[in-house]
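>>> pasted the sequence and its predicted model underneath.
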Amino acid sequence: MIIAIDGPAGAGKGTLGRALAARLGLRHLDTGGLYRATALQVLRAGEDPADPVAAERAARGLDAALLDSPDLRSAEVGNASSVVAAIPAVRQALLDFQRAFAATPPGAVLDGRDVGTVVLPDAPVKLYIVASTDERARRRHEELLARGEASIYERVRAEIEARDARDSGRAVAPMRKADDAVEIDTTDLTPEQVLERALAVIDART
Ligand code: C5P
């Protein structure tokens with residue numbers, strides 16, 4: 001069983017991915033974490049996330065310990081992650097890891113931007129998770145505050161819009177709903193309701 005979940009920042013992919021994996025006994029990979037870890041490694045080396053050579057080097061030599069770093073969720077790393085993610089060599093470097101993860105029994109839930117379109121185009125279940133920009137910004141803002149980061153709602157909203165534009169406008173593997181993905185709008189749903197809808201889609205597809 002392989003489940004591909006895509007969608008923009010703050011729509012609820014990660015929450016759904018974790019819940020589905022727990023419910024179905026699958027492994028879970030937050031693929032955005034790979035891009036965030038790559039960005040963090042570049043920033044810590046004092047290099048520029050837009051530098052293709054530095055970013056590819058970081059992606060190829062990714063320090064797995066960074067995947068658990070609390071710094072991964074900072075606004076700075078979030079912004080830099082969509083800059084490194086637009087570099088083709090970075091995407092290529094992270095592709096094999098994602099496919100190998102999905103192929104390992106008993107199966108997996110992967111969430112990101114291009115899982116259903118590029119990483120696992122043959123996944124039997126594909127979900128595309130969306131929510132209004134206001135709601136996504138509100139959730140991110142609350143998350144940053146809960147972590148003790150200074151956060152201004154308007155700025156978070158502007159950063160989400162900029163990140164959406166970069167992620168859907170890039171030449172390689174842009175964020176896009178796969179033709180065979182089922183869309184769920186989480187704006188007015190609780191995490192439990194989103195999980196129930198996703199389970200219904202999975203039942204129908206498997
Ligand atoms: O999901 P998250 O906000 O953690 O992702 C961080 C960034 O990583 C995204 O803005 C996007 O640029 C990039 N990403 C990607 N492809 C994926 C997952 C994330 O390009 N499959």
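On my side now, so go ahead.
>>> C-alpha from now on. contacts and neighbour counts both.
Will do.
>>> bridging residues for the nearest residue to residue 31 once chain neighbours are set aside?
In this structure, residue 31 finds its nearest non-sequential neighbour in residue 112, 5.3 Å apart by C-alpha to C-alpha, 6 or more residues apart in numbering. Beta-bridge partners for residue 112, by DSSP bridges, are residue 6.
>>> wait, residue 112 sits on residue 10?
No. Using C-alpha atoms under 8 Å, residue 112 is not in contact with residue 10, being 11.2 Å away.
>>> quick one: residues contacting the residue nearest to residue 31.
5-7, 13, 30-32 (C-alpha atoms under 8 Å, 6 or more residues apart in numbering).
>>> what of residue 12?
Residue 12 neighbours (C-alpha under 8 Å, 6+ apart): 129-130, 186, 191.
>>> can you select the buried ones among the residues you listed for me in ChimeraX?
Buried residues among the contacts of residue 12 (16 or more other C-alpha atoms under 10 Å), as a ChimeraX selection:
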select :129,130,186
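>>> in strands only, show me the contacts of residue 12.
Taking DSSP state E as the definition of strands, these contribute 129-130.
>>> residue 42 is in contact with residue 55, correct?
Yes. Between residue 55 and residue 42 a contact is recorded at 6.3 Å, counting by C-alpha under 8 Å.
>>> what sits in contact with each of these two?
Joint contacts of residue 55 and residue 42 (C-alpha under 8 Å, 6+ apart) are 48-49.
>>> which residues of this structure lie near the ligand?
By the rule C-alpha under 6 Å from any ligand atom, the part of the chain lying against the ligand is 9, 31-33, 35-36, 78, 81-82, 85, 112-115, 163, 167.
>>> 8 Å instead, please
6, 8-10, 13-14, 30-36, 73, 78-79, 81-86, 91, 111-115, 119, 163-164, 166-167, 173-175 (C-alpha under 8 Å from any ligand atom).
>>> next step: those residues restricted to strands.
Per DSSP E, the subset of those in strands is 6, 30, 111-112.
>>> need the max-distance pair from these.
Spanning the widest gap among these are 6 and 30, at 10.4 Å by C-alpha to C-alpha.
>>> so the two - more neighbours on which side?
A direct count of neighbours by other C-alpha atoms under 10 Å for residue 6 and residue 30 places residue 6 higher, at 30 against 19.
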